[in-house]
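> The sequence and its predicted three-dimensional model are supplied below.
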Amino acid sequence: GNSVTQMEGPVTLSEEAFLTINCTYTATGYPSLFWYVQYPGEGLQLLLKATKADDKGSNKGFEATYRKETTSFHLEKGSVQVSDSAVYFCALTSGTYKYIFGTGTRLKVLA
Amino acid sequence: ETGVTQSPTHLIKTRGQQVTLRCSSQSGHNTVSWYQQALGQGPQFIFQYYREEENGRGNFPPRFSGLQFPNYSSELNVNALELDDSALYLCASSLGPTTDTQYFGPGTRLTVL
């Protein structure tokens, strides 16, 4: 079945450091891929998405490229801020009605 | 444009009780999906409602049930609560049942004692 695997957290970085959070997936067909962010005590917010191979999603300085050959959708940001501290979820949907989520990666950014 | 709203924010119940959680979908959205997020885990799909009918279901027992109303708002009902039902329950709405982008509400935190 479909699945999403994320790198284990927590990830702790200093402000202005480069961020990569790895995400790989298993899916039949051609899934759409997403990154959601969850701030403490809140629900999920859509961060970015990509719907076909080689698409790059981007938002608020974050970006991720849909790599079909490596079945990956890694999240990157060139310079993180303290306000980026949150839990990040990679997810996919593949022509059905539901999302499959990874287990989440907690990011902590230190001033 | 009003986003997805959920009520209540927090809820405490005891084992064996029943609970109803509510969700109002984003304006223009006719599809609502419910997810359970246990502490430290990713959300797990419970079911989806489209035009007042259940449109798909995840691996949850029948004591998890739902409704969707003509205005597309929705309820999640859980009977015979168990300790493991303690979780954040998230509602998401979308433009249609296979539209790929779902928009999430803030969630209801349920604690079962």
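It's in.
> Please count neighbours and contacts with C-alpha atoms only from this point.
Will do.
> residue nearest the centroid of chain B?
B:Trp34 (3.3 Å; CA atoms, centre = their mean).
> so which helix or strand takes in that residue?
Following DSSP states H and E, one finds B:Trp34 within strand B:31-37.
> so what strands line up beside that strand?
strand B:44-50 (antiparallel), strand B:87-94 (antiparallel) (DSSP bridges).
> Residues in contact with the shortest one: which ones?
In this case it means strand B:44-50. Residues outside strand B:44-50 that contact it (CA atoms under 8 Å, 6 or more residues apart in numbering or on different chains) are A:97-101, B:30-37, B:54-60, B:64, B:67-68, B:74, B:96-97.
> Just the buried ones from those, in ChimeraX syntax?
Written as a ChimeraX command, the selection of buried residues from those, which uses 16 or more other CA atoms under 10 Å in any protein chain shown, is:
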select /A:97,98,99,100,101 /B:30,31,32,33,34,35,36,37,54,56,57,67,68,74,96,97
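> Centre of the chain to the strand holding B:Trp34, how far?
Relative to its parent chain, strand B:31-37 has a centroid offset of 4 Å by CA atoms, centre = their mean, to the nearest Å.
> Restricting to C-alpha, output that strand in CSV.
Provided in CSV are the C-alpha atoms of strand B:31-37 (Å, rounded to 0.1, in the frame of the first residue of the first chain):
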residue,chain,number,x,y,z
THR,B,31,-16.3,17.4,1.2
VAL,B,32,-15.2,16.8,4.8
SER,B,33,-12.6,14.3,6.0
TRP,B,34,-11.8,13.3,9.6
TYR,B,35,-8.4,12.3,10.9
GLN,B,36,-7.1,11.0,14.3
GLN,B,37,-3.7,12.2,15.4
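> which residues make contact with it from outside it?
For strand B:31-37, contacts defined as CA under 8 Å, 6+ apart pick out A:98, B:25, B:43-51, B:68, B:72-74, B:76, B:87-97.
> repeat for stretch A:2-18
Contacts of stretch A:2-18 (CA under 8 Å, 6+ apart): A:19, A:21-28, A:76-82, A:89-92, A:100-111.
> and if we set it to 7 Å?
With contact meaning CA atoms under 7 Å, 6 or more residues apart in numbering or on different chains, stretch A:2-18 is reached by A:21-28, A:77-82, A:91, A:100-111.
> mind listing what's buried in that stretch?
Neighbour-count burial for stretch A:2-18 [16+ other CA under 10 Å]: A:Ser3, A:Val4, A:Thr5, A:Gln6, A:Met7, A:Val11, A:Leu13, A:Glu15.
> which one in the residues you listed is the model shakiest on?
Scanning the buried residues of stretch A:2-18 for pLDDT, the low point is A:Met7. It has 87.
> And it, its phi and psi?
With angles defined as degrees, to the nearest 10, A:Met7 sits at phi -70, psi 150.
> gap between it and B:Gln17?
Taking CA to CA, to the nearest Å as the measure, A:Met7 falls 38 Å from B:Gln17.
> B:Gly40 now?
Taken as CA to CA, the span from B:Gly40 to B:Gln17 is 25 Å.
> So which of the buried residues of stretch A:2-18 are in strands?
A:Ser3, A:Val4, A:Thr5, A:Gln6, A:Val11, A:Leu13 (DSSP state E).
> and of those, the nearest to A:Gly41?
A:Val11 (19.0 Å; CA to CA).
> Pull up the residues of chain B that are close to chain A.
Taking CA under 7 Å from any CA of the partner chain as the contact definition, chain B meets chain A at B:Gln41, B:Gly42, B:Pro43, B:Phe45, B:Pro97, B:Thr98, B:Asp100, B:Phe104, B:Gly105, B:Pro106, B:Gly107.
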